[in-house]
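K.L.:
no sequence on this one, just coordinates:
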């Protein structure tokens, strides 16, 4: 069965994109999603479709799947025209949309049956195919479980299995790893590689994770609807040779160091990595920063990508002047204290006895897979959900019972970037300002500040529901900062947001922390954990470990992995936990 | 506090009215429905098709039939000559009634005997049938009086003189239009409130509100006022249309009328918000809105009197704010009922409003999901 | 072959979702049960026990003879007042609906054959009830006249004696026509509620995209949505009809299969309207608002269930042609009360077919297999 597909993929391209343009009507504005994009995709390899938010990745995927029709140009899919022969195209490809397209109220087996029926898989081959897919996805023990009850990683693998139920010759995966923990991401990549290797499947995969781009055979780079570059990751990366440096200094705090490096002329990008800062330069001259150690390091694909985009958008944003008045950090004062906190839903413990405390001015990260209990913990801290047992104090009070004024001291940004979608940007700012009691000149001042600081002025009148994810995130952060809170709760603030926006976001968080704002954040981007002063890694409602990023990486060090990344450490911890749980 | 509530109300208005589609949904349909329902809702019959089966040769029967045709309620569409033609005409709904005078009609009448006039009515809609029979009886009794008078017979020893208060011509449109004011006001408040909290919960903005210093009572006021203001505005438009377009008399005082509208909106918005804050999803909110609105309208006494219901159902209607509002509307429009006679209608609406708003406010923070 | 497999897959999926989320089952079975029980007992136009004020200014044997008819009637609950003024106040306060006044000289003028007046004051606000009261009083008066003449050995002859024969519902039991009408209103609600949100939900949850990218045709998507809810809706309908027949004892003079065939047509039209709303709106919020506006009130007021369509102005009559419930009400009332009368059933059934075709056609046209 596998061989026949390999035979069909003899030569020619899997995807031929020919001068495609596509414009959407958003409100009364015409928004170009793709402009004159052309490329070819080789058969039998993994091609990464990489680009920031609103680059046109999803539009391209949908065009290839025959779900949209281009304004001009054509797309050939395995020799078929995607626009005119869409039913045939849909009969030969596999497609996994964002959010995986699963019916959450159907079981794993029922989802598979549905897609097998829809794809016309004959009854005779099903048992063997199901067994193969379930074994591959590691879902064999869970076939009777409802899809809605699966963890994010399992959902993603089930979505993939459903897309593969009829063995497509071309597989389209639209941001398959958004919102999924590192362990599941690794497993997905294993499956994708195996497909390519054993069955010769061609895979087009869109992603905003640049480390994933590096795993592709080919990369197509999109930005604002235009094709920027195409090539193998190694080719593209090598253009950056000699421009990456690792900078460290013993006596300077990592955030201060990053700030200083970022402001050095010629620096295009500065990123905290452990206790040092990684810098990318305009050319091959090392950064002129005094009193630090500076070592050349090999380039990464990310360097190439960021450099290319910086050239497009022009330099790093200046995010240093955050708030008018600054507070002095007082690192001995605990502002968040949690003791033996538990939360039960039915007979299931979402949070099972966790304890920690956060000092003023600290950036504290909660890491974990979906369903580890991060959001539940957050909701309890913010007073949205009463705990089943245990105690918690935020700024000296339990927000659930405290006077309303106590809530003035916190800011909260949820993972949905909860904004009023049909209000404009300015109206959202105005609204959140007013309910925090900012009125008259003070209110106007803060709105001015937010519009400037977050570069929202040009889009102040746009309906916020129509904004790209990156802008929504900015606006959501601006709204939660209108009243200058002392404590900021950020629930997966960067989920689905592209690397540039993430960098900006963290630059702002750093600046806030420097002024004494306490920041509590959840994330499943492991490299973001590096920005935190301390992190706690959660699984199944418990804290597995708690400490500084470097100490946690230290724990994972082994002869096989002398220099573990945060992701390695995380994966190691979760694996060990699962083994313990299984035993 | 005031500034915060103002911001909430402003936000709520923008969220409701900014989008052209939802603006259309809120403003267009209630006004269109007012016009359509205003004309549709009446028990007064017009142009009811009937057939004449006249076996009599004399002119007296023809005179009587002419009286039928002259009435605006009836239109003659067929003249038949055989008994067998009656059933097909009525069965196929071509006519609602057949009037039959036998061969001896004129002879009997002239001889001073009672002449039989047979009226065969389609009873599939028994209410229409009853009204038809009533209308026919009126025509016949007018004819009888005239006949007795013309032929020198003695009048009956006693006769009934009927006077109708408040609605001398017994126009049933006068009865239904105030009811439509109530129904459409309820519809608008449901549209504004029933999905509003559920939608914010689904989109996560409700959490965002709960972590701000806003107190539940402030959120409650912020959510209540838009329903109130929009409801008040639309109620006013509908009342104006009823008075100036449909010419329903408005006899009573405006203060009494607006007290009623105010309290009804309070209860309607309260129940809508209670449903909305109880629902975890918009689908549940929609279901809840229907489960309240449908019985609320059918059992309100809008079309069928509450008096005719069994006691148990009558007790259930005590929870229906529209029931009280309809009494207020009809009283103020047609009877000019003074304020103090409506107190018994006012306080239950106020109570329903206060209780449901209280529950809604409590649910804001305590609804688990 | 593979089309059948796809359809089977879709239908099975939808059924599983229905079973998992009991709200659909609640809509299909609990809602008709609850609403029909409530309305079947609650809604009636048969006015009985009307509170009637009686003022007899000078009681005598004759006045007692006349009022006896009212005191023993099931139509009235008599309340005695000493003066007209007191009775009028009671009517203002809403305690009574009508006042019957026999003046001081009633007995005297009766003896003198002087056309003694019987005064009837009705509250005209509820014009329908007022007419019914007036009709009852006129009827009682007529009987009393005969009786009065007989007592005196005379014969009282009305010139024209009206003999009414009401076909299909000789006792004029309003429940017999209200219950079939309620079935139509409730089925409208069920049909629309079942489907109004299902398409919008698939769009919002992102599963529509996954469906569209399979070799499904849009026709299959629509049939796949329609079929399960159709079966569910027919179940609800069977329940409603059973309640109408056995609980409310509405006679069924036509045949059951005609009833079900017409109901099937209506259900397809109602579901089609829900699908269309859902497809056009694409967001649950707007779909919900549209469903509230477009289903219940039009079916309630414009279907001919309560208000006679023939008496509406031509423009409004035209509008009623857009309401599927109108045709269904006509068929139901005929099949229940009159029998299989094809001259009513066929045109209305054809209209239902046309509505179903239009709704589903528009749905199909609006839901291209594209994401735009």
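P.N.:
Cool, the structure landed. Every value quoted in this text rests on a predicted model; they were computed, and no experiment measured them.

K.L.:
show me the domain layout of the chain.
P.N.:
You didn't say which chain, so I picked chain A. In the domain annotation for chain A, the residue ranges read A:2-233, A:242-298, A:419-484 (automatic domain parsing).

K.L.:
that's the other chain; I wanted chain C
P.N.:
Structural domains assigned to chain C are C:7-43+C:173-366, C:50-151, following automatic domain parsing.

K.L.:
ranking the ones you listed by burial, who's on top?
P.N.:
Greatest average neighbour count among these goes to domain C:7-43+C:173-366 (a mean of 21), per mean count of other CB atoms under 10 Å in any protein chain shown. (Glycine included, C-beta is placed from N, CA and C.)

K.L.:
give me the neighbour count for residue A:339.
P.N.:
Number of residues near residue A:339 (other CB atoms under 10 Å in any protein chain shown) recorded here: 14.

K.L.:
elements contacting the helix or strand containing residue A:195?
P.N.:
Element membership for residue A:195, per DSSP states H and E: helix A:182-199. Counting contacts by 3 or more CB pairs under 8 Å, 6 or more residues apart in numbering or on different chains; DSSP states H and E, helix A:182-199 is packed against helix A:2-8, strand A:46-50, helix A:126-137, helix A:152-163, strand A:170-174, strand A:202-207, helix A:566-582.

K.L.:
now do that helix against strand A:202-207, angle only.
P.N.:
160 degrees (axes from the mean of the first three to the mean of the last three CA atoms, to 10 degrees).

K.L.:
how far out from the middle of the chain is stretch C:210-227?
P.N.:
36 Å (CA atoms, centre = their mean, to the nearest Å).

K.L.:
so that stretch, near chain B or not?
P.N.:
No. Applying CB under 8 Å from any CB of the partner chain, one finds stretch C:210-227 out of contact with chain B, separated by at least 15.7 Å.

K.L.:
can you pull the buried residues of stretch B:334-353?
P.N.:
Residues of stretch B:334-353 classed as buried by neighbour count (16 or more other CB atoms under 10 Å in any protein chain shown): B:334-335, B:337, B:342, B:345-346, B:348-350, B:352-353.

K.L.:
among those residues, which ones lie close to chain C?
P.N.:
When contact is defined as CB under 8 Å from any CB, these meet chain C at B:334-335, B:337.

K.L.:
before we move on, the earlier item: mind putting the domains of chain A in JSON lines, mean neighbour count included?
P.N.:
Output for those, formatted as JSON lines (neighbours: other CB atoms under 10 Å in any protein chain shown):
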{"stretch": "domain A:2-233", "mean neighbour count": "20"}
{"stretch": "domain A:242-298", "mean neighbour count": "17"}
{"stretch": "domain A:419-484", "mean neighbour count": "20"}
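
K.L.:
list the contacts for residue A:454?
P.N.:
By CB atoms under 8 Å, 6 or more residues apart in numbering or on different chains, residue A:454 lies in contact with A:474-475, A:477-478.

K.L.:
one more: residue A:461?
P.N.:
Going by CB under 8 Å, 6+ apart, residue A:461 touches A:424-426.

K.L.:
if I look at it, how far off is residue A:467?
P.N.:
12 Å (CB to CB, to the nearest Å).

K.L.:
in strands only, show me the contacts of residue A:461.
P.N.:
Cross-referencing the contacts of residue A:461 against strands under DSSP state E gives no overlap.

K.L.:
done for today, thanks.
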